[in-house]
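Q: Got a predicted structure plus its sequence, pasted below:
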Amino acid sequence: MRPFKRRVISGIAAGIYTILAGASPLKAQTDWARGGVCYEIFVRSFFDSDGDGVGDLPGLTRKLDYVKGLGANCIWLMPIAQSPSYHGYDVTNYYEVNRDYGTTADFKRFMTEAHRRGIRVLVDLVLNHSSSEHPYFQSALMDPRSPYRDWYLWSPVQKQNKNWGAPVWHRNPYRDEYYYGLFWSGMPDLNLANPQVKAEAQKVARYWLKDMRVDGFRLDAVAHFIEAGDTVMNASGNNPWLRDYEAAIKRIAPSSFTVGEVSYDTPDVILKYYPDQLDSYFTFQIANLLIDAVRAGSAARLIPALAYSQKTFPPGRWSPFLRNHDQTRTMTEFKGDFTRAKIAASLLLTLPGFPFVYYGEEIGMTGDKPDPRLRTPMHWKKARAAGFTTGVAWEPLQADSMTANVEAQDTDTSSLLNLYRRLIHLRASNPALGTGDFVPLATANDAVAAYLRRKGNRNVVVVANLGTARASGIALGSDKSVLPAGTYTARALFGGSGSTTLRVNDTGAMSGWIAVPALDPLTVHIIEISKRD
C-alpha cells in the first residue's frame with residue numbers, strides 16, 4: 001500500500017555471523033524462502049553515505065553485514081525506480097534507479113554484495129498505476145491519438161463509485177474528460193487488461209530479474225489490478241491476470257519469489273489468489289491479531305486464526321508480519337513497552353510461513369501517522385542524526401533515537417535487537433520452526449498461547465504467557481494424532497523448561513503436560529521435544 005490510501009547478544013551474534021559469512025554463495029533453488037526471514041528496507045531512511053540527508057544504495061551496501069548479522073536471508077526494498085515523490089509509489093520510469101538513491105552501477109554493486117552474503121533481494125513492483133508525470137500518461141493526457149491512450153482508463157463524465165470513499169475519476173486539465181486513478185489523481189491506474197500494458201509489465205519484470213539480477217518482487221496493491229464496474233477490490237479479473245504474470249516471471253527466473261499485498265482481507269478472500277498465482281501474500285489480519293493479543297494479554301482470538309490460516313493456505317506460502325511502512329509501529333502500539341514488543345517478536349518468529357520484519361522494529365523504533373513519520377531514518381548510534389547521516393536528515397528523527405538504536409542494544413544481552421538476532425538464527429537452524437506444521441495446543445487459560453511446530457522427527461513447543469499475572473501449572477493438551485505415541489525428552493531452546501519428559505498416549509494426543517511449572521508474566525518458552533528410541 002502507499003500514502004494517500006484511505007482506508008543476541010553482540011558476541012553471540014558476531015560469532016554466528018562469522019560462521020555464516022564463510023558459507024557458500026547462493027544456491028539456485030525454488031524454495032529458498034522456506035525457513036527464512038525477509039527484512040523490509042526504505043532506502044531513503046536506511047543509511048546516507050554522502051551526507052545529503054537521503055539514504056542511498058552505497059549506504060545500504062555498507063550496512064549489509066548488519067542485515068546478515070540479524071539473520072535475514074532476504075531484503076525487500078520499497079520502491080527504488082525513478083519517481084517524483086519521497087515514497088516512490090508513483091513511478092515515472094520503471095527502468096531507471098531513483099537518482100536520489102544512486103545509479104544502476106550502484107544497484108548492481110549492491111546486488112553483488114547481497115548475493116555474496118547469501119541475501120536475496122525483492123524489489124517493490126508498482127503495476128496498478130504509474131505517476132501522473134510518467135511520459136506515457138502525459139502523452140495520453142494531451143493527445144487522444146497517443147499510442148499510450150489505451151494504457152489508461154478514460155470517461156467523458158465524472159462517474160461515482162459506490163464502493164470507494166473518495167473520488168476515483170479525475171479531470172483532465174487539457175480537455176473535458178476524466179481519467180481513472182483509484183488512490184489519487186497523481187497515480188492514474190494503468191489499464192492492465194490491455195495486452196500491450198501486460199506485455200510491458202512482463203518486460204519490466206524481465207529487466208529487473210535479468211539485467212538487475214533481483215530475486216523477485218513484492219507486488220503492490222494486487223487486489224486492485226482489474227476493475228469491474230464499481231468493484232475495485234478482488235475482482236475476478238485479478239486472478240487470471242496474476243496467474244499469467246506469475247507464469248511469465250517463473251519462465252524468466254524459476255527460483256524467483258513473489259509476495260502480494262491483498263490488504264486487510266480475510267483468509268477466505270486471500271485464498272482466491274492461490275494456488276498458481278503469486279508465491280505468497282501478506283496476512284494483515286494475523287498482524288493485527290498478533291498486536292491485539294499481546295496488548296490485551298489474551299490469545300483467545302489469535303490461536304484459532306493461526307490454526308485456520310495454517311489449514312487454509314498452502315504450506316509456507318503466507319507471510320506474517322507485525323507492522324509495515326503503512327502502519328503505526330509496534331513500539332508505538334505498545335506505548336514504549338519493550339517487554340510486549342519482545343513477546344510480539346517471539347510469536348512472529350515462531351510462526352509458519354515466510355515472515356517479514358520492517359526495518360527498525362528490531363530496535364523498537366516508534367512511529368505513527370502521517371506516513372513520513374512511519375518511515376523515519378534508522379537509528380544507528382548515539383550521535384547527531386543517530387548516525388544516519390552527517391548532514392540534515394530528509395525527515396526529522398524520532399525523539400527516542402538516542403536510546404532506541406543499534407549501538408545502545410548491540411552489547412546488551414537482554415535487548416530487543418539481540419532477541420531478534422537469536423530467534424531469526426534459531427528459526428533458520430531448526431526445521432520445525434522454519435517450515436514445520438502449526439498445531440494449536442489447549443491451555444485452559446486465555447492468557448497463555450501454546451502451539452506445536454513439527455517437521456519430520458523435529459518438534460518444537462512454544463508457550464507464551466501474554467498476561468501480567470504469573471501462570472502456574474498450565475497443562476498442555478492436543479487433539480489425536482498430533483505426535484507418535486511414546487516418551488519424549490524436552491530441551492529448552494529459549495526461556496527455559498521445567499519438565500524433562502512428555503508422554504504421548506496411544507491416540508497420539510498430548511494430555512496434561514506441564515511444560516513449564518510456572519510462567520512469569522510476559523514471557524516465552526521455546527522447547528524442543530525429541531522421541532526416545
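A: Received it, and whenever you're ready, just let me know what you need.

Q: Give me the most central residue, this structure.
A: Most central in the chain under Cα atoms, centre = their mean is residue 356, positioned 3.0 Å from the mean C-alpha point.

Q: Contact partners for it?
A: 37, 38, 39, 40, 76, 259, 282, 319, 320, 321, 324 (Cβ atoms under 8 Å, 6 or more residues apart in numbering). For glycine as for every other residue, the C-beta is placed from the backbone atoms N, C-alpha and C.

Q: what is the rounded mean pLDDT of stretch 202-209?
A: Across stretch 202-209, the average pLDDT comes to 98.

Q: what do you get for stretch 285-296?
A: Here the average pLDDT along stretch 285-296 is 97.

Q: Next: stretch 188-195.
A: Rounded mean pLDDT across stretch 188-195 is 98.

Q: just stretch 522-532 next, same as before
A: 96.

Q: How far does it sit from its chain's centre?
A: With Cα atoms, centre = their mean, to the nearest Å as the basis, stretch 522-532 stands 26 Å off its chain's centre.

Q: do the same with stretch 243-251
A: Worked out by Cα atoms, centre = their mean, stretch 243-251 lies 22 Å from the chain centre.

Q: same deal with stretch 352-371?
A: For stretch 352-371, the distance to the chain centre is 9 Å (Cα atoms, centre = their mean).

Q: Would you indicate which residues of it are buried?
A: Within stretch 352-371, the residues that qualify as buried by neighbour count (16 or more other Cβ atoms under 10 Å) are 352-367, 371.

Q: Could you list the low-pLDDT ranges of the protein?
A: Low-confidence segments of the chain (pLDDT under 70): 1-30, 533.

Q: so what are the domain limits for it?
A: In the domain annotation for the chain, the residue ranges read 35-128+192-429, 135-180, 437-531 (automatic domain parsing).

Q: Endpoint to endpoint, the second one covers what distance?
A: In other words, domain 135-180. Domain 135-180 has an end-to-end distance of 17 Å (Cα to Cα, to the nearest Å).

Q: How far off centre is that domain?
A: Chain-centre distance of domain 135-180: 33 Å, with Cα atoms, centre = their mean.

Q: ok, back up a step: please work out which of the domains of the chain is packed deepest.
A: Burial of the domains of the chain is given as mean neighbour count (mean count of other Cβ atoms under 10 Å); domain 35-128+192-429 ranks first at a mean of 20.

Q: the helices in the stretch 101-250 of the chain, which residues?
A: 104-116, 135-142, 195-206, 238-252 (DSSP state H, counting those that start in this stretch).

Q: any chance of the ones you listed in a markdown table, with distance to residue 301 too?
A: Below are the helices of the stretch 101-250 of the chain laid out as a markdown table (distance: least, Cβ to Cβ, whole Å):
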| stretch | distance to residue 301 |
| --- | --- |
| helix 104-116 | 38 |
| helix 135-142 | 44 |
| helix 195-206 | 38 |
| helix 238-252 | 29 |
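
Q: quick one: which of the ones you listed is nearest residue 230?
A: Nearest to residue 230, of all the helices of the stretch 101-250 of the chain, is helix 238-252, at 15.2 Å by Cβ to Cβ.

Q: For the helix or strand following the closest one, name the packing helices and strands.
A: Once helix 238-252 ends, the next helix or strand along the chain (criterion: DSSP states H and E) is strand 257-260. Applying 3 or more Cβ pairs under 8 Å, 6 or more residues apart in numbering; DSSP states H and E, we find strand 257-260 packed against strand 120-125, strand 216-219, helix 238-252, strand 280-281.

Q: residues making contact with the helix or strand just after the shortest one?
A: Heading C-terminal from strand 280-281, the first helix or strand you meet, by DSSP H and E, is helix 284-296. With contacts defined as Cβ under 8 Å, 6+ apart, helix 284-296 is touched by 262-267, 299, 301-302, 305-306, 309, 320-323, 327, 330, 333-334, 340, 343-344, 347-348, 351, 449, 466.

Q: Show me the helices in the stretch 251-400 of the chain, by range?
A: Shown for the stretch 251-400 of the chain, the helices assigned by DSSP H, counting those that start in this stretch span residues 267-270, 284-296, 302-312, 330-333, 338-348.

Q: Throw those helices into JSON lines and include distance to residue 51, thanks.
A: Formatted as JSON lines, the helices of the stretch 251-400 of the chain follow (distance: least, Cβ to Cβ, whole Å):
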{"stretch": "helix 267-270", "distance to residue 51": "44"}
{"stretch": "helix 284-296", "distance to residue 51": "36"}
{"stretch": "helix 302-312", "distance to residue 51": "45"}
{"stretch": "helix 330-333", "distance to residue 51": "28"}
{"stretch": "helix 338-348", "distance to residue 51": "32"}
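
Q: Enumerate every residue touching the residue lying closest to residue 162 once chain neighbours are set aside.
A: Spatial nearest neighbour of residue 162, excluding adjacent residues (Cβ to Cβ, 6 or more residues apart in numbering): residue 230 at 5.2 Å. Residue 230 makes contact with 161, 162, 163, 164, according to Cβ under 8 Å, 6+ apart.

Q: try it again with 6 Å
A: Residues near residue 230 by Cβ atoms under 6 Å, 6 or more residues apart in numbering: 161, 162, 163.

Q: closest to residue 186 out of the domains of the chain?
A: domain 35-128+192-429 (5.7 Å).

Q: now the nearest residue to residue 243 once chain neighbours are set aside: how far from residue 127?
A: Excluding the flanking residues, the one nearest residue 243 by Cβ to Cβ, 6+ apart is residue 277, at 5.2 Å. As judged by Cβ to Cβ, to the nearest Å, residue 277 and residue 127 stand 14 Å apart.

Q: same deal with residue 473?
A: From residue 473 over to residue 127 (counting by Cβ to Cβ), the distance is 54 Å.

Q: Quick check: bridge partners of the closest residue to residue 178 other than its chain neighbours?
A: Leaving aside its chain neighbours, residue 178 sits nearest to residue 169 (4.1 Å; criterion: Cβ to Cβ, 6+ apart). Taking DSSP bridges as the rule, residue 169 bridges to residue 180.

Q: was I right about residue 169 contacting residue 157?
A: No: using Cβ atoms under 6 Å, residue 169 is not in contact with residue 157; the gap is 8.0 Å.

Q: circling back to that earlier point, as CSV, the domains of the chain with distance to residue 186 would be great.
A: Formatted as CSV, the domains of the chain follow (distance: least, Cβ to Cβ, whole Å):
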stretch, distance to residue 186
domain 35-128+192-429, 6
domain 135-180, 9
domain 437-531, 42
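
Q: wait, residue 377 sits on residue 388?
A: Yes: contact criterion Cβ under 6 Å: residue 377 and residue 388 qualify, at 4.0 Å.

Q: Who are the contact partners of residue 91?
A: Here residue 91 is in contact with 81, 83, 126, 130, 131 (Cβ under 6 Å, 6+ apart).

Q: Relative to residue 360, how far out is it?
A: Distance from residue 91 to residue 360, by Cβ to Cβ: 25 Å.

Q: Residue 45 now?
A: Here residue 45 is placed at a distance of 8 Å from residue 360 (Cβ to Cβ).

Q: Let me know the closest of the contacts of residue 230 to residue 149.
A: Nearest to residue 149 among the contacts of residue 230: residue 161, at 22.1 Å, using Cβ to Cβ.

Q: Next, give phi and psi for that closest one.
A: Per-residue torsions, residue 161: phi -120, psi 120 (degrees, to the nearest 10).

Q: pretty sure residue 464 is in a strand, no?
A: Yes: Residue 464: assigned to a strand according to DSSP: H, G, I helix; E, B strand; the rest coil.
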